[in-house]
Structures are given as structure tokens and as C-alpha cells.
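Visitor: Here is my input, please return the structure:
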Amino acid sequence: MPEQIDKVYQFKPLDGYTFKQRVMIRLAGWVFYVLIKVISRTLRFETEGVDWLTDTSRSYDQPIMCVWHDRIFAGMYYLRNRGLVVMSSISFDAEYTARSIQRLGFGVIKGSSTRGGTRALVEMIRLMKQGVPMAFTIDGPRGPRYVAKPGPPLLAKRTGNPMIPLGVEVEKYWTLNSWDKFQIPKPFSRAKMFFGEPIFVPADADDDGLEAKRLELQKALDELVERGKEWSESLS
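Guide: The predicted structure is shown next:
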């Protein structure tokens, strides 16, 4: 693997943090990783529409996976070890979450909609053109909750690869008191991954065209949430 690609799968140096912070980042990174693996191994996964991701006859090279932030616990485990690269915000909390997901086989590029986002998007474009798949928590890192952001349509335009909406529904879960009401699956629950139809963005799309595709992605993700609710209710 070329060095410029390999580095996104490696831990970022912690030189800018205090000794206490470095210890906390390393410890929390391990704890969150173990929590994901232990709980997710007990989940009973089902899928719908996964052919959009796995079909070898598809006309595109790499997907741009898009999922809501509150549902990434089970989603990260299902999509592990696929080489997907995600954008992670530049913050203390993001350092240990980044290390957790890197242990699951994800790559990380630092940036967000408020800090370093443009540089990170340029890096994503460059990596995608080298065959690296991408993933977005589409309303992260701070919301608004369930509002799709414009980065993925622009990435799709610049690379020719489609956005693939992903809905993640878990039968039973705990909800954290966070901005996104983050879901932690309860052990031995059923979980279902809903893959939506790929959304392509024309290379000549203008600002209005990009916004139309963002709204199309928004609608697709909203519909997957509703399908997930219907599935979950059918289990009771």
C-alpha cells in the first residue's frame, strides 16, 4: 500500500496533548473498541439491498457510504475491515474515537464542517481517485441531527463515485444523552442494514445541482429510517 494511503490507517501522533490526555486517549480508544466488538459480536445481523455494495458488475469503482451519526455503533462493526476512510473532527474526543475505528480497519482523515473540512475533502478526493472507499456520518460531528451535509455530493461529483445511503436499525438499544441521541445496541439484539440505491452526481453539476443531490440523499436516508422503524415494530 502506498505510504500516502497507508498513513490514514495509522494512529495520529499525540504530541500536542498533555501526558494525562495521551493516557486518556489511549485508554478510551481501547475501551470503545472492545465495547463495539463485544456487543456487536452478539448481534444478529440482517441486510436489505446489500447488492448495491457488493455487486461486482457495478459501473463504479468505490462507494461513498452515508449514515446518520447516531447509528454508527452497529454500522461500524458491520462495515469493518473494508478499508473505508472517514472524516474525523479535530478535537480531544475525536482522537480516541478515531483510534477505536482504526482498530476496526477504517482510515481517518482529520477535518469537519467547521475546522479543516476543505483540506480533508481534497484529501478524500485524492484518495478516492487511488481506489480508496469513503464513508460519512452525514450529520456529524455536531449536527443538526438528521440533516445531511453537502460534503458527500461534492465528493461524488469530483470522483464519479456514488453516494450509497445506509440505514441501520437495531431491535433494542440504549440511548445516550448526546446531541444525536447516540444508540448503543443491547446485546443479542437483531440488527438490520438497509442499503439504498446509489446516488450519482454529474461532473458538471452546479450549486443548484449539488443541493438537489443533497436533498435526494436526505430523502433516501429519511426513508431508510422509516423502513427501519417498520421492521423493528414488526418484531414486537
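Visitor: C-alpha only now, for contacts and for neighbours.
Guide: Fine.
Visitor: helices or strands next to the lengthiest helix in the chain in the packing?
Guide: For the chain, the helix that runs over the most residues, judged by DSSP state H, is helix 207-235. In this structure, helix 207-235 makes packing contacts with helix 151-159, strand 163-170, strand 190-195, judged by 3 or more C-alpha pairs under 8 Å, 6 or more residues apart in numbering; DSSP states H and E.
Visitor: Any stretches of the chain with poor pLDDT?
Guide: 1, 3, 56-60, 112-116 (pLDDT under 70).
Visitor: now the residue lying farthest from the centre of it: how far from residue 29?
Guide: Computed with C-alpha atoms, centre = their mean, the residue of the chain farthest from its C-alpha average is residue 19, at 29.9 Å. The gap separating residue 19 from residue 29 is 15 Å, by C-alpha to C-alpha, to the nearest Å.
Visitor: again, but for residue 42
Guide: Distance from residue 42 to residue 29, counting by C-alpha to C-alpha: 21 Å.
Visitor: The two - which one has more neighbours?
Guide: residue 29 (22 against 14; other C-alpha atoms under 10 Å).
Visitor: buried stuff in the helix or strand where that one lies?
Guide: In this structure, residue 29 is located in helix 19-40 according to DSSP states H and E. Neighbour counts over helix 19-40 (16 or more other C-alpha atoms under 10 Å) mark 22, 24-26, 28-30, 32-33, 36, 39-40 as buried.
Visitor: ok now that helix, how far from the chain's centre?
Guide: Remark: helix 19-40 is offset 19 Å from the chain centroid, using C-alpha atoms, centre = their mean, to the nearest Å.
Visitor: Now do it and strand 190-195, the angle between them.
Guide: On the basis of axes from the mean of the first three to the mean of the last three C-alpha atoms, to 10 degrees, helix 19-40 is oriented at 100 degrees to strand 190-195.
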